[in-house]
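>>> sequence first, predicted model second:
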Amino acid sequence: MDQLTVLFLLFLVTLIAVPLATRIRMPYPVVITLGGLLLAVIPGVPELRIEPELLLPLLLPPLLHTAGWRTSWREFLANAKPILLLAVALVLVTTTAVAYVAHAVVPGLPVAAAVALGALVAPPDPVAASAVAAGLRLPRRLVSILESEGLFNDVTAIVLYQVAVSAVVTGEFSAPVAVGKFLLSAVVACAVGYGVAMIAAWGFQFFTDARLRALGTLLVPYVAYALSDELGGSGVLAVIVEVLVLRARGTEAEDALGRLSGSVFWAMTELMVTGLTFGIIGIELRTVLDVLGTDVGAVLAEAAAVVGTVILVRGAWLFPAAVLARRRNRLANEAEDPDERDLAPVGPRETAVLWWAGMRGVATVALALALPATTDAGDPFPARDRLVVIAFSVVMVTLVVQGLTLPGLVKLLGVRESEDRLGQAEDELRVRSLVAALARLRELESRGDIPEDLIDSLRNRCQGLIAQVDPDAYEDEARAAFAERRRRKKEFARVDAELNEAAREAIKAARNEPGVDPAVVDKLLRRIDMKGWG
C-alpha cells in the first residue's frame, strides 16, 4: 500500500464521516480524526510521509480563505477588541503558562524549547471552530468571535514559535529583534495580502469562464501565503487580509452560473482539505506512539499537565475578561458612550461555550512535526520526541474530548440562536430586496417602452412575494389574492417540474442511440437544468 492509497483512504473516511457525523450529531472534524486514528492502527497501512514544512503551506491557505469569506471587515471591526484579546493576548498568556509548566515537568527542557511548545499549542484551530459552529446554530456574534480568533491567533503563535525555535537552534535570543520580527512580519503580510487582493480583483474581470475563475480563486490564497512567507511576512495574515479585501470589494461572479459553480467548487475544496487535515491528525498517531518508547507513564503525565494548563488558562482568561467587559459596557451605557458599547462580547453561558470551543488542530500538528531534529551545534533538539507527544496529546484531548462534549454543553446552557430570530433576519433582507426590485420596476415603467401587461405581471409577482414574507404590508383582500396566486404558482411549478423531468429523460434516452453526439446530449441537459424545458 503506497502513499497515494493512504490519501484515497483519508478521502474515503471523509466521505463516510460527514453524513455519519450529521446522523450522530457530532462535529465532523472529530469523526474524521477518529477515522484517521482507526487507519493508524490497522496493520498494513503505511505511515503517511509528508514533509512537516509543507503541511501549513499546503493545507492552511484554502481553509483560511473559506473561513475568511464567511466573515467581513465590518464583523471584525465590530468585535475587534474581544478578538484581539483572544488572538493576541490569550496566545501570549497561554504560551507563557505552558512554557512555565513544561519547563518544570519535562526533565532538562530549556526555557526556549518550552516557549516553542507553548506557542505551538496556544492557537485554537479555525477549521474546527467553523465546523463546530456550523452545526450548533450558535449566536452569530459568538460564531464571529470564534472564527476570527481562529483566523488571527495563528499569526501570533507562529511568530512566537519561530523566535523560540531559532533561540534553541542558534543559542541566541534578543527581545528587540523578536519584537521587530513580529512587527515586520505583520507589515509585510498586510502589504502582500492587500496587493495580491487588488491584482486578483482586477484580473477576475477578464475571467468569464466559470472554471478559470474558480481556479483563480484557489490560486490567490496560495500566492498570498507563499509570497508573504518568501518576503519574511506572515503567510497566514497575508491570506486573511487578501480574502477580507476581496470580500469587501465584492468580487463574486456577476452571473448566476459563476456564483453557483464557485460556491460548489469551494464547498467541495473545503471539505476535501478539511478531511485530509483532520485525517492526517489522526493517522499521525502512529508517529506519536513510536516515539513514546518505554517511558509511557512519565510522558503521559507531562502531557496531562500541559493539556490541563491549556484548558484552564483559557477559562481563567475568558471569564474575568467577560466580567470586566460587561462592567465597562454598563459604564459606557451610563455615560452614553457608543464607542465603548461593543466591549461586552458574550454572557456567562456564551463565555463557557467560547472556553470549551478552544480546540487545537492542524497548526499545532504541523508546528510540532516541524521541530528541527538538531541544533546548529549538531546536538539533538532538546526533548523533541516528548514535545511531539505532548503536542499531539493537546490536539487529541481538545479536539476529541471537547469536540464530543461541546454539543451537549451548548444544549445544556441553551446557547443557540432562535429560529424565529434567524427567520426574521432573513425575512427583513428578503423584503428589502423585493422593495428594491419593485422600485426598479417603477423606473422601467416610467420609460413607457415596456408592455403594460408585462409590467402588471411583474408588479403582482413582487407584491405577492412581499405579502408572503410580510403579510402586514397589505390588506386582507389583497393578501387573499396574493395567496391564491401563490397557490397557482406552486401548482405551475409542480407541473413544470414534471415536464422538465420528461424532457430530461427523453434526452438521456437518446444518449445510447446510434448517431447521437453525447456532447450535444450533455449540452441540452445543462440547458434544461439552467433554463427548463422551454
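In hand now; what should we look at?
>>> separation between Arg504 and Arg486?
To Arg486, Arg504 is 26 Å away according to CB to CB, to the nearest Å. Every C-beta, even on glycine, is put in place using the N, C-alpha and C of the backbone.
>>> equivalent analysis for Leu413, please.
Distance from Leu413 to Arg486, by CB to CB: 40 Å.
>>> with Ile281 instead?
The value you get for Ile281 to Arg486, if CB to CB is used, is 50 Å.
>>> neighbour-wise, which of those two wins?
Higher neighbour count among Ile281 and Arg486: Ile281, with 27 against 14, using other CB atoms under 10 Å.
>>> which helix or which strand is home to the more buried one?
Here Ile281 sits within helix 256-283, counting by DSSP states H and E.
>>> any stretches of the stretch 401-534 of the chain with poor pLDDT?
Within the stretch 401-534 of the chain, the segments meeting pLDDT under 70 span 417-426, 468-479, 481-482, 534.
>>> can you show me the helices along it?
Assigned by DSSP state H, counting those that start in this stretch, the helices in the stretch 401-534 of the chain fall at 403-413, 419-447, 452-469, 476-509, 518-531.
>>> among those helices, which is nearest Ala201?
For the helices of the stretch 401-534 of the chain, the distance to Ala201 is smallest for helix 419-447, at 24.4 Å, taking CB to CB.
>>> angle of that closest one against helix 452-469?
With axes from the mean of the first three to the mean of the last three CA atoms, to 10 degrees applied, the angle from helix 419-447 to helix 452-469 works out at 160 degrees.
>>> now do helix 419-447: distance to the chain's middle.
Centre-to-centre, helix 419-447 and its host chain are 30 Å apart (CA atoms, centre = their mean, to the nearest Å).
>>> packing partners for that helix?
helix 452-469 (3 or more CB pairs under 8 Å, 6 or more residues apart in numbering; DSSP states H and E).
>>> kindly list the longest helix within this structure.
Ranked by residue count under DSSP state H, the longest helix found in the chain is helix 296-335.
>>> how far does that helix sit from its chain's centre?
Centroid separation between helix 296-335 and its chain, computed with CA atoms, centre = their mean, is 23 Å.
>>> name the helices or strands packed onto that helix?
Judged by 3+ CB pairs under 8 Å, 6+ apart, the packing partners of helix 296-335 are helix 80-84, helix 91-105, helix 111-121, helix 348-356, helix 384-396.
>>> for the fourth one, which positions count as buried?
Spelled out, it's helix 348-356. By neighbour count on 16 or more other CB atoms under 10 Å, the buried set for helix 348-356 is 350-356.
>>> what's the closest of those residues to Gly171?
Closest approach between the buried residues of helix 348-356 and Gly171, by CB to CB: Trp355, at 37.8 Å.
>>> how about the residue nearest the centre of the chain, what does it touch?
Centroid-nearest residue in the chain: Ala67, 3.1 Å away (criterion: CA atoms, centre = their mean). Shown in contact with Ala67 (CB atoms under 8 Å, 6 or more residues apart in numbering): 126-127, 130, 147, 150-151.
>>> a markdown table for those residues, including distance to Gln3 and neighbour count?
Listed next are those as a markdown table, based on distance: CB to CB, whole Å; neighbours: other CB atoms under 10 Å:
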| residue | distance to Gln3 | neighbour count |
| --- | --- | --- |
| Pro126 | 27 | 28 |
| Val127 | 23 | 25 |
| Ser130 | 28 | 23 |
| Glu147 | 32 | 24 |
| Gly150 | 29 | 28 |
| Leu151 | 31 | 27 |
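>>> where's the dip in pLDDT among those?
pLDDT across these is lowest for Ser130, at 68.
>>> residue contacts, the residue nearest to Val365 when sequence neighbours are not counted?
Spatially, and ignoring its direct neighbours in sequence, Val365 is nearest to Ile281 (5.3 Å; CB to CB, 6 or more residues apart in numbering). If a contact means CB under 8 Å, 6+ apart, then Ile281 has 33, 36, 361-362, 365, 395, 399 as its contacts.
>>> and these, which are buried?
Buried, going by 16+ other CB under 10 Å: 33, 36, 361-362, 365, 395, 399, out of the contacts of Ile281.
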